[in-house]
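J.: my questions concern the predicted model and sequence given below.
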Amino acid sequence: MLKTIMLALAFLAVLVFSACSSTGQSQSLTEQIWMLTELGGKAPLLETTITAEFSPDGSVSGSSGCNRYSGPYTVDGNNIDMGPFASTLMACPDLLMAQEALYLKALETGSTYQISDDELTIKDQNSNTLAVFTALDQNLMGTSWNVIAYNNGKGAVTSVIIDTEITALFGEDGQLTGSAGCNDYFATYETDGDNITIGPAGTTRMACQEPEGIMEQEQAYLAALQTAATYKITGMDMEMRTADGAKVASFQRALTP
């Protein structure tokens with residue numbers, strides 16, 4: 001009798017393992033931000049980032065390379081149905097717009113999906129691969145960001161000056177580096193959960209005259225960094241705040257597949 005029960009349990013375990021292996025669903029569709037790495041058998045255009053985020057409420061959204069898009073989706077086992085999609089109305093170069101149209105069509109044509117080893121594959125009803133994504137790491141270490149806005153030290157959060165770029169690369173060695181708009185900067189950083197401590201920043205010694213206010217922006221941004229006490233990553237965006245909850249800076253993830 002005991003031998004019969006053990007054989008039955010072993011057979012059940014094999015069935016469960018086979019089912020999991022056949023579906024390939026080793027991760028959740030809704031607990032990741034997915035970045036496109038292959039579209040129609042080719043890599044996306046350089047310096048474009050295309051993403052998909054599947055919400056538990058049945059909506060999928062992200063960046064299609066030029067515009068932001070959103071629409072409904074449903075799943076039934078390995079089957080998936082997406083769209084139709086609405087998007088913003090920005091105009092980008094023709095190649096980007098063509099890639100965007102191809103991407104959204106691929107999503108709407110998608111019939112099945114498979115997740116394995118941090119990779120999401122969307123296929124059509126004939127099992128042809130339409131798009132492949134990789135899961136974005138939501139940890140801070142080893143990520144790169146563009147600064148969107150910063151605390152100017154006068155009680156206000158202001159956008160980065162047009163035609164200037166402020167970046168932040170959080171190295172795996174605890175070093176924060178980037179461009180402060182004119183000069184390159186470097187500092188140490190430490191994290192503990194959602195808490196962060198950023199040390200005083202050193203910089204190169206360039207003096208920029210244009211655009212107006214660039215040096216004041218640089219000084220205010222670097223000063224604001226030292227006040228950061230917490231950070232929060234939400235998909236492609238990150239915010240840093242002081243211990244009192246005041247916003248230090250807003251960031252957007254910078255990625256090239």
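T.: Received the coordinates, thanks.
J.: per-domain residue ranges of this structure.
T.: 22-135, 143-253 (automatic domain parsing).
J.: now do the helices in the stretch 151-257 of the chain.
T.: 214-225 (DSSP state H, counting those that start in this stretch).
J.: distance between the ends of stretch 121-131?
T.: For stretch 121-131, the first-to-last residue distance is 6 Å (CA to CA, to the nearest Å).
J.: er, stretch 232-252 I mean
T.: Span of stretch 232-252 from end to end, CA to CA: 12 Å.
J.: T112 against K123, yeah?
T.: Yes: at 5.0 Å, T112 counts as touching K123 under the criterion of CB atoms under 8 Å. In this view, the C-beta of every residue, glycine as well, is placed from N, C-alpha and C.
J.: those two - which one has more neighbours?
T.: K123 (20 against 17; other CB atoms under 10 Å).
J.: give me phi/psi at the more buried one?
T.: Here the main-chain torsion angles of K123 (degrees, to the nearest 10) amount to phi -130, psi 160.
J.: TSV for the domains of the chain, including mean pLDDT?
T.: Below are the domains of the chain laid out as TSV (pLDDT from 0 to 100):
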stretch	mean pLDDT
domain 22-135	91
domain 143-253	95
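J.: check contacts around A180.
T.: Neighbouring residues of A180 by CB atoms under 8 Å, 6 or more residues apart in numbering: I166, A201, T203, E218, Y221, L222.
J.: same question for L29.
T.: F54, V75, Y113, I115, L120.
J.: give the contact list for T177.
T.: By CB under 8 Å, 6+ apart, the residues touching T177 are A168, L169, G171, D184, Y185, F186, A187.
J.: same list (those residues) but as JSON lines, adding neighbour count.
T.: Shown next, in JSON lines, are the contacts of T177 (neighbours: other CB atoms under 10 Å):
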{"residue": "A168", "neighbour count": "26"}
{"residue": "L169", "neighbour count": "15"}
{"residue": "G171", "neighbour count": "15"}
{"residue": "D184", "neighbour count": "13"}
{"residue": "Y185", "neighbour count": "22"}
{"residue": "F186", "neighbour count": "15"}
{"residue": "A187", "neighbour count": "19"}
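J.: where do the strands sit along the stretch 101-250 of the chain?
T.: Secondary structure of the stretch 101-250 of the chain (DSSP state E, counting those that start in this stretch): strands at 112-116, 119-123, 129-135, 143-151, 157-159, 167-170, 175-179, 184-192, 195-198, 202-203, 230-234, 237-241, 247-253.
J.: right, and those strands - which one's nearest Y69?
T.: For those, the distance to Y69 is smallest for strand 129-135, at 13.5 Å, taking CB to CB.
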